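S.K.: what's the 3D shape of this:
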Amino acid sequence: MTTFEDADFFAETFTEFGYESGARRRSSLLTGLALVAAATLVAGGVVWVRLAQVPADVVAVDPATTLAVFGRPQGPADVVAADDVAGTLIDPASTRLVAQTADARYYAGVSRTHLLCVLTVPAGDLPSTGCAPTDDGVVNLTVDDELMLLSAGEPAPAGWHEAGPNVFLKD
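M.R.: This is a model prediction of the structure:
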């Protein structure tokens, strides 16, 4: 019977380590070719990533021109409390009330980074913000699966009703 004390694991494991009979040395040409192939693959990957980052020809559109509510001056109902707009990056002078439900008020506004934003001010809860770019004048912004802003002329999607120009609420 063999016990662990009888077996010399260290000697069996580490003796003659690295000695291989008939080991062959690789040629330096093969090593050089492998390095060149690896460098080519890395360089090709870097170029591919850089080309993918080049934006397509997109026309920048001012978000304030995308919704009809921005065509009128800001009224008393459009003003958002300073506490609600703080920390949202939305320009307080750009907010317009676009919809109101029993649970929340929805304001459209333009962020300081030139995005179209919707500020949701729920009754008795903290406000939230959703923003989207308006490249090529296309508006498609859904907030909390309750409110949707679409480009002018877009029909109401199934299950939504129009609450104002370009503004749709979930049924």
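S.K.: Domain map for the protein?
M.R.: 9-53, 63-170 (automatic domain parsing).
S.K.: Just the endpoints, please. Distance across the longest one?
M.R.: According to Cα to Cα, to the nearest Å, domain 63-170 extends 23 Å from its N-terminal end residue to its C-terminal end residue.
S.K.: among the domains of the chain, which is the most enclosed?
M.R.: Ranked by mean neighbour count under mean count of other Cβ atoms under 10 Å, the domains of the chain are led by domain 63-170, which reaches a mean of 16. (Glycine included, C-beta is placed from N, CA and C.)
S.K.: Off-centre distance for that one?
M.R.: Counting by Cα atoms, centre = their mean, to the nearest Å, domain 63-170 is centred 19 Å from the centre of its parent chain.
S.K.: Now it: average pLDDT?
M.R.: Rounded to a whole number, the mean pLDDT of domain 63-170 is 87.
S.K.: show me what contacts Leu169?
M.R.: By Cβ atoms under 8 Å, 6 or more residues apart in numbering, the contact list for Leu169 reads Ala99, Thr101, Glu146, Leu147, Met148, Trp160, His161, Ala163.
S.K.: Mind doing that once more with 6 Å?
M.R.: Going by Cβ atoms under 6 Å, 6 or more residues apart in numbering, Leu169 touches Ala99, Leu147, His161, Ala163.
S.K.: do the same with Val138
M.R.: Ser151.
S.K.: How much space separates Ser94 from His114?
M.R.: 11 Å (Cβ to Cβ, to the nearest Å).
S.K.: go on, Arg72?
M.R.: For Arg72 relative to His114 (Cβ to Cβ), the value is 20 Å.
S.K.: One more: Arg50?
M.R.: 25 Å.
S.K.: what are the bridge partners for the residue nearest the centre of the chain, then?
M.R.: With distances taken as Cα atoms, centre = their mean, Ala132 lies nearest the centre of the chain, 9.7 Å away. On the basis of DSSP bridges, Ala132 is bridged to Leu116.
S.K.: so it makes contact with Leu141?
M.R.: Yes: here Ala132 lies in contact with Leu141, judged by Cβ atoms under 6 Å, at a distance of 4.3 Å.
S.K.: dump the residue contacts of Pro133.
M.R.: So Pro133 contacts Leu115 (Cβ under 6 Å, 6+ apart).
S.K.: how about the closest residue to Gln100 other than its chain neighbours, secondary structure?
M.R.: Nearest non-adjacent residue to Gln100, counting by Cβ to Cβ, 6 or more residues apart in numbering: Tyr106, 7.1 Å away. Classification of Tyr106 by DSSP: H, G, I helix; E, B strand; the rest coil places it in strand.
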